[in-house]
Every structure is written in structure tokens, then in C-alpha cells.
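# below: sequence and its predicted model.
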Amino acid sequence: MVVALGIAAVGAVVNWLTAHWWVLVVLLVLAGLVCGSWLYSRMQSARWEAVRAQALRYQLTQLDALHHSRFEDAIRDLMRRDGFPDARRVGGRGDLGADVKATDPYGRRWVIQCKHRRAGTAGSAVGTPDLQVLNGTARQVHGADVAVIVTNGRVTAPAVTFARQQRLYVVDWQTLGVWAAGSRPLWELLGAVPPPRRPTSLS
């Protein structure tokens, strides 16, 4: 009986729409307008996000004041500004030395470990043990072509030497200040990074 009533109701609706076909046309036009408006809004948001990302700038005092997790977000956003569309923050418990991962326009895979110091250069220096963690996991675990440690603080001289020996890259407060406040991509500031994985229009 329920099935029969359902069939009858569907039949009645179909008959009514057949007699009032213009209602269906109006509904379709309205649906098209709603979908078009939604798509236009999404496109505009994407354009404004791209403009915002290109204009992204930080001063060191701003970075110093961040929580360590927000500092990782800021580094991710700077990577996106530089043309790393897949940059994402992966830091947290059990991150195995990777806080931000990204692929640059040349196909190189970047793994970044962030060391935030609320006191900036007055805080504790990043030392060799921090670089050893990155060296032990960046390539073997995360498949990095470019392994970087970023800090808004100081880096000890032995750590810098160790990084050079192990082909790691150090972004200390001075380099971070230039990168965050300017518009040059990080690979230009670091210099001798590995060659592109694949030919691109940029290479």
C-alpha cells in the first residue's frame, strides 16, 4: 500500500511538472545561478589568497612572539609564498625531525625542522644534537633532497660545521630575517642546493 501511494505521488508530481514545465525551467535557472555564484566566490577567494601569499612578510619581532606551532605555520606559509603549493606543517609528537614538508617548482623535496626561541637570539642556541636528528631522518625517513633547520635564534659554530659536512642547510635569525621580510625564495638565499629533479620552465 505504501509503495502504491509512493508511485501515485511520483506520478502526480510528474503530471503537475508536465503541465507546469516553466516551474522546472525556473528551478534549473536558479540552481545554475547559485552554482555559478558559488564557483565565482571560490575563484575570487583563491585569487585573493594568491595575492595575500605573494605579499606575505614577517618581521623577526613578529616571529619571536609566536607560539612554536604558529612559528611552524609561518614557515609553511613562507614556503607557499615562494612557490611550494604543497607545503604543509607536519610537526608534532613523533614527527621524526620534520616540521614542514614541501616540493619546490624544480621538483626538489624539502624537509624543514623548526627551532623556535621565544627570546630570539637571547634564547638557547641550536646545537649539533638538533642537526644530528635532522641528519638521521630527513633523507632516510622523509626522502628529502634539501634538509633545512630554521631558527629565529642562534646556531653554535660546531653545529654550522656539522651541517656543512653533512650537506644540511641552516637558516639562522639573520637569514630568516632576510627571507621573511623580503620576496626572494629560500633556495636563492641558501645558494648551493641540489640540482632540479626534473626539467622545468624555471630551470
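Structure's in. What do you need? Numbers count the residues shown, from 1 in each chain.

# from now on I want contacts and neighbour counts done on CA atoms only, so please keep to that.
OK.

# for the residue positioned nearest the centre of the chain, grab phi and psi.
Nearest to the geometric centre of the chain sits Ala87, at 2.9 Å (Cα atoms, centre = their mean). Ala87 adopts backbone torsions of phi -60, psi 130, taken as degrees, to the nearest 10.

# and it, what does it touch?
Ala87 is in contact with Arg76, Asp77, Met79, Arg80, Val100, Lys101, Ala102, Thr103, counting by Cα atoms under 8 Å, 6 or more residues apart in numbering.

# change it to 10 Å
Applying Cα atoms under 10 Å, 6 or more residues apart in numbering to Ala87 gives the contacts 73, 75-81, 100-104, 110-111.

# ok, which pair from those is furthest apart?
Using Cα to Cα, those span at most 17.3 Å, a distance reached by Asp73 and Asp104.

# okay, now Ser69: neighbour count?
The number of residues packed near Ser69 is 14, by other Cα atoms under 10 Å.

# in stretch 177-195, which residues are buried?
For stretch 177-195, a neighbour-count test (16 or more other Cα atoms under 10 Å) marks Gly177, Val178, Trp179, Ala180, Pro185, Leu186, Val193 as buried.

# which ones among those are found in strands?
Among the buried residues of stretch 177-195, no member falls in strands (DSSP state E).

# nearest to Leu28, of these?
Pro185 (47.5 Å).

# from Gln174, how far off is the closest one?
Pro185 sits 15 Å away from Gln174, going by Cα to Cα, to the nearest Å.

# cool, and Arg164?
17 Å.

# ok, which stretches of this protein are strands?
88-89, 100-103, 109-115, 146-151, 169-171.

# wait, Val178 sits on Glu188?
No. Val178 is beyond contact range of Glu188, at 11.3 Å (criterion: Cα atoms under 10 Å).

# before we move on, the earlier item: kindly give a single ChimeraX line that selects the buried subset of the contacts of Ala87.
Buried residues within the contacts of Ala87, by 16+ other Cα under 10 Å, are selected in ChimeraX with:
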select :73,75,76,77,78,79,80,81,100,101,102,103,104,110,111
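
# just give me the closest of the contacts of Ala87 to Leu134.
Checking these one by one against Leu134 (Cα to Cα), the nearest turns out to be Val111, at 8.8 Å.

# let me know the pLDDT of the residue nearest to the centre of the chain.
Among the per-residue scores, Ala87 holds a pLDDT of 95.
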